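J.: my questions are about this predicted structure, shown below with the sequence.
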Amino acid sequence: MRVSPRTTERVAVGVLWVLASITFSVLAFILTYVLVHGLPHVTWTFLTRGPASMGREGGVLPMIVGTFLVAGLAVLIAAPIGVATAVYLTEYTREGRLTATIRFGADCLAGVPSIIFGLFGFVFFAITLKMGLSVLSGSLTLALMVLPTIIRTSEEAIRSVPYAFRDVSYGLGGTRWQTVTHVVLRSALPGISTGIVLSLGRSISETAAVMLTAGSALRLPRSLFDSTRTLALHFYILSREGISMPNAYATASVLIVAILALNLFAYWLMRRFVAKVGR
Amino acid sequence: MRQDRLIGGVLRLVALSAISGLALITVFIFKEGLPIILRVGVFEFFLSSDWDPSLGHFGILSMIGGSVVVTAGATLIGVVFSLGLAIVLTQFSPPGLASALKPAVELLAGIPSVVYGFVGVVTLVPLIRYCFGGPGLSVLAGSIVLGIMILPTITSISIDAIQAVPRSYFEGSIALGATRWQTVTMVQLKAARTGIVAAVILGMGRAIGETMAVIMVAGNALELPHSLLDPVRTLTSNIALEMGYASGDHRQALFATGVTLFVIITLLNIAALAVSRRRTGKTAV
Amino acid sequence: MIKAKFVFRGLGVTLVALASSVGCERASRHSVGLLGSTSIQPFAEVLAEQYMKKSPGQFVEVQGGGSTAGLQGAANGLADIGMCSRALTAQESSQFAQILIARDGLAVVVNLENPIVGLSLEQLRDVFAGRTTNWMEVGGRDGPIRPITREEGSGTRESFVRLVMKKERISRRAMTQESNGAVRELVKGDPATIGYMSLGLVGKELRAVVVGGAAPTVENVLAARYALVRPLLFVTRGAANPAAQAFVDFVLSTDGQKLLETEGLVRAE
């Protein structure tokens, strides 16, 4: 019995819609579940006080500061180095075996599980370099983790700038550095910024690598050598140990809202630059 | 010109430091991990499921099996649902919906894995225990949670791949009398094939590398799972569970596990590269 | 476009300013770092809070990671004091100075829905070795037994192995959880499970079974009737530094010991 193509299409599209709805409902469910349980507990005190009694009461101010420090420093370190490396690889060297190998290496490292960076950071930064469990160990580890991604995304962004742009600049008598800064980087900025913002998001959410490099201290870090606990780790500990479910959900909600804000910021950036550059 | 040279020199310095720093990590991991693989014996390390650090037994077969099974399950779930979503959004919805919803999908990629894991523990694990029996902490739970986590990745890249197919392919097919569904399967998906495969491979890489969510929902038992409902331990979970206190041989064995993961990721990347090379080789479908 | 560049620069400068204003010196003068046993961790936190209230200006940080991690932390300088919830081996005793801060019962816990009231040591051993697989075999309802264990470096696990398993290995089918709290949450939710954890942390949502005829209470631990007891130790490499010693003194003082007793531990004697 031959089924008509129309029927096949109807059935197939029906199945697809079911799949798509399931997908969306599940993702929406996860978000709503956490936010509904958590947002009511996110009070001003929660955001500005420290924890008491292992996190059963009190707030998450030290965790917010800790997350900010660890993730912020990581990206602050990795971004300039990564973009500079990308610029060097694309504008100052010729395309060849070496650059292809470096690109492949960066791709591999970008995909290496974060726990391996954590293992490296723990043994190298915390123990061998005697930095201990600290903000410094954590952010250096995370910086290494996101560096390959920033190099690759910046490189892709720079390479997608049309050669014509560069030719015009050189034709007008610009030096290489002037071309790079005024023409290439300006056009590639949307892509580069997205890569950096995504890396920031990844650093904020990272738990495994932070657990054993920055530690899990509850107090406000008073120096870069102090241990600290990030929001994601705090959520993990609170929920795993059953210490305080309301606080756990509230911590997760703060995290999710922060990441949402970050992503929106990324899109705002993209929009602005696309408008300015007119592409 | 002098300034240009100077700046070029600075950039070269920075770039070389960055690259050598990253290379250093690779070398470090291999230097710590390879010796123990050789000392324990390649067969013993990879093919024995006897992992007992206190007795000096380092066989990671159970964990390899765990990672493989959970990743396979996650990829299956991820591909089916992502592709479905991507196709629906690009082909069978109002125009522009795909581009509008992409940010939302990408937002979900940023949610911490521990949140997925926790929701899984609280909702999915009891559900599995109730419906199917077993402890709930299982291969099934791990696959589902991981599958959900890699959905955004595969979906957004697939959407890009499908949207990159020239409109003329679509119009040509419809003009020849094909239905939209036939056009999708026989023309567009084929044309977007390499992009979609790249997306799937990227998703797989994410799934293999995930640690926290898996620790929370997979049970972490040392035995190779016999069924979907058995608890399981993956390579990444093993490192995370034992990293804090391992020393000497034990720590090196964990680095060796890291080497294993590194090699797997590199193989996946080579596969992705091969797939995309195929694309640049051909210009027509 | 220029605006956004300035935004980035501004953020960067703020961050650097924040980081450097927070100070770059090794702040070890006033802070004592404890690292190790997840069993001791909650108690150490409570002690730390009390201590910091009594002696303002002193800071105490407590982190988990497991007893063996605590020993190593003390050895390689990651922490001032390692927390260890098992007896040290002969070799370890020669490497570290140990201070007994309390004793803790090791509770075997089951879900409240589980009718089992007590088990013998042999039965426990059989269950965790994987030989006994159905609750009916030990007097419960028909159903599979799901043993839960801790990770390898856990002092709780080491103590359990030493006290119950003797020379036997824990079943490879046992599910591994990485802290007392995780064990508690799991047993709380699944009636088929059985696990072991610190007696002081059991709480009201689980049942601690009678082992070998003795009920798991603090009195029985004190009277040596309950067999599963392990030492809670603070461990240092050599002598503790003055700040750490001050904290240890507080923990061993009447106030400190009283605090631990209220929390469910047994005083060090």
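T.: It's in.
J.: mind listing what's buried in stretch B:53-64?
T.: For stretch B:53-64, burial by neighbour count (16 or more other C-beta atoms under 10 Å in any protein chain shown) applies to B:53, B:58-64. In this view, the C-beta of every residue, glycine as well, is placed from N, C-alpha and C.
J.: tell me the residue of chain C that sits nearest chain A?
T.: C:G181 (2.7 Å; C-beta to the nearest C-beta).
J.: from C:P191, how far off is that residue?
T.: 19 Å (C-beta to C-beta, to the nearest Å).
J.: give me the domain ranges for the chain.
T.: Just going to use chain A. Here the domain parsing of chain A from automatic domain parsing is A:5-41, A:60-241+A:252-277.
J.: um, chain C though
T.: With automatic domain parsing as the reference, chain C has domains C:29-104+C:231-267, C:105-229.
J.: and those domains as CSV, adding mean pLDDT?
T.: What follows is the domains of chain C, written out as CSV (pLDDT from 0 to 100):
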stretch, mean pLDDT
domain C:29-104+C:231-267, 89
domain C:105-229, 91
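J.: what are the boundaries of the helices in chain B?
T.: B:2-40, B:42-47, B:61-91, B:97-109, B:113-119, B:125-132, B:139-163, B:167-175, B:180-183, B:189-191, B:193-209, B:212-217, B:235-242, B:249-281 (DSSP state H).
J.: let's have those in CSV, adding distance to chain A and mean pLDDT.
T.: Formatted as CSV, the entries for the helices of chain B read as follows, by distance: least, C-beta to the nearest C-beta, whole Å; pLDDT from 0 to 100:
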stretch, distance to chain A, mean pLDDT
helix B:2-40, 4, 89
helix B:42-47, 17, 91
helix B:61-91, 3, 92
helix B:97-109, 5, 77
helix B:113-119, 4, 93
helix B:125-132, 12, 93
helix B:139-163, 6, 90
helix B:167-175, 12, 85
helix B:180-183, 4, 82
helix B:189-191, 12, 82
helix B:193-209, 3, 88
helix B:212-217, 5, 94
helix B:235-242, 5, 92
helix B:249-281, 4, 86
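J.: out of the ones you listed, deepest packed?
T.: helix B:212-217 (a mean of 29; mean count of other C-beta atoms under 10 Å in any protein chain shown).
J.: OK, contacts around C:R173?
T.: Counting by C-beta atoms under 8 Å, 6 or more residues apart in numbering or on different chains, C:R173 touches B:221-223, B:231, C:130, C:147.
J.: so it, which of the three states?
T.: coil (DSSP: H, G, I helix; E, B strand; the rest coil).
J.: that one and A:T48, how far apart?
T.: 47 Å.
J.: go on, A:S160?
T.: Taking C-beta to C-beta, one finds A:S160 at 44 Å from A:T48.
J.: returning to what we had before: distance to C:L34 added to the buried residues of stretch B:53-64, as CSV?
T.: Converted to CSV, these look like this (distance: C-beta to C-beta, whole Å):
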residue, distance to C:L34
B:P53, 25
B:F58, 31
B:G59, 35
B:I60, 33
B:L61, 37
B:S62, 34
B:M63, 31
B:I64, 37
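J.: residue 262: neighbour count?
T.: Looking at chain A here, since you left the chain open. 17 (other C-beta atoms under 10 Å in any protein chain shown).
J.: that's the other chain; I wanted chain C
T.: 9.
J.: now the stretch 51-200 of chain B against chain C: closest residue?
T.: B:P135 (5.2 Å).
J.: pretty sure that residue contacts B:V232?
T.: No. Applying C-beta atoms under 8 Å, one finds B:P135 not in contact with B:V232, separated by 10.9 Å.
J.: joint contacts of these two?
T.: Counting by C-beta under 8 Å, 6+ apart, the residues touching both B:P135 and B:V232 are B:G219.
J.: quick one, which of those two is more surrounded?
T.: B:V232 (30 against 23).
J.: residues near the residue of the stretch 101-250 of chain A found nearest chain C, how many?
T.: The minimum distance from the stretch 101-250 of chain A to chain C, using C-beta to the nearest C-beta, falls at A:E241 (2.7 Å). A:E241 is flanked by 23 other residues according to other C-beta under 10 Å.
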